[in-house]
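> Below are the sequence and a predicted model; questions follow.
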Amino acid sequence: MLTDLDQRVLAHINLYAVLGALPSLVTLVPEASALLSGVKRPTSVTVRVPGVEPGTYLFSRDGVSPADAATGRRVTLAFTSPEHFNRMVAGKAQPIPLAGPGGLGFLTKVFAPLADVLGRYLQPAGDDLVDPEFRDTSTILTLHVAAAAIAQVANQDRQGMFSAALIPDGQIALEVGDQIDLRLAASGHVLTFAGTAATGPARAALRFADLTVAGDVLSGRASALSSICDGTLGMRGYIPMLDNVSRILDRVGHYLGE
């Protein structure tokens with residue numbers, strides 16, 4: 001059924017959207033960037049999950065970035081199935097690490113603590129949200145995850161691919177006030193999210209009035225429809241693009257709510 005969630009799709013989201021927020025995390029959160037001081041030399045971590053394109057992230061004292069290939073000290077996290085990987089991301093399972101002693105030390109002293117910090121910002125406790133700075137950072141990271149997850153669902157999920165097939169080529173902007181402009185690019189009904197600074201005009205845009213509105217909508221505390229009605233969530237450009245992106249975003253909510 002189309003309402004069923006595919007564990008392989010969820011693994012794509014966890015690998016490329018959730019872990020894909022690590023570069024932004026170390027940029028935005030001093031506690032996270034401080035953990036990179038424990039990186040003795042550049043280390044690449046490759047995640048291998050059956051049925052999922054392997055993903056690699058390069059860690060150095062300067063930051064975290066996705067990589068096309070493993071370089072420097074190499075660490076592999078292997079999993080027996082998409083379900084195994086998804087349980088690891090949920091904190092309910094352990095990976096199969098393939099690494100030397102230095103790589104194992106990196107996993108316990110750098111990678112695992114970074115994952116814990118990321119989890120705290122993506123699934124904040126009520127007390128954390130009292131702090132305005134924490135709340136804003138949590139919302140920014142959640143927005144990055146949501147944008148990256150839209151691309152994964154559009155390209156991997158059966159229902160998402162149906163909606164993506166109706167999206168023409170062009171850029172779709174996710175804007176927050178005048179501060180944030182994240183871009184999804186549609187080409188040949190395939191969506192990509194680079195996570196870099198926006199370039200060129202967007203063909204369509206969803207615009208949140210501020211981070212509070214974005215946080216409320218993404219967390220489900222406010223509906224997108226009510227926000228559109230009160231003017232705190234605006235749309236412009238080619239509306240059919242936004243209609244189908246919104247459908248995919250709704251599907252993303254089902255996956256991330258698991």
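Nice, I can see it. Residues are numbered from 1 along each chain as shown.
> and stretch 34-50, which residues are buried?
Leu35, Leu36, Gly38, Val39, Thr43, Ser44, Val45, Thr46, Val47, Arg48, Val49 (16 or more other Cβ atoms under 10 Å). The C-beta positions use only the backbone N, C-alpha and C, and glycine is treated the same way.
> Relative to the whole chain's centre, how far out is that stretch?
18 Å (Cα atoms, centre = their mean, to the nearest Å).
> Next, the distance between the ends of that stretch.
Length of stretch 34-50, first residue to last, Cα to Cα, to the nearest Å: 33 Å.
> Kindly provide the distance from Phe193 to Ile150.
7 Å (Cβ to Cβ, to the nearest Å).
> more neighbours, these two?
Remark: of Phe193 and Ile150, Ile150 carries more neighbours, 26 against 23, as counted by other Cβ atoms under 10 Å.
> So for that one, what's the nearest residue that isn't a sequence neighbour?
Of all residues not flanking Ile150 in the chain, Ile248 sits nearest, at 5.2 Å (Cβ to Cβ, 6 or more residues apart in numbering).
> Spatially nearest residue to Gly63 (excluding sequence neighbours)?
Val26 (5.5 Å).
> can you check Thr137 too?
Leu28 (5.2 Å).
> Over to Gly100?
Per Cβ to Cβ, 6+ apart, closest to Gly100 is Arg73, 7.9 Å.
> Would you mind naming the residues that pair with the one you found in a beta bridge?
In this entry, Arg73 is beta-bridged to Thr43, by DSSP bridges.
> For Ala115, list the residues it contacts.
Residues near Ala115 by Cβ atoms under 8 Å, 6 or more residues apart in numbering: none.
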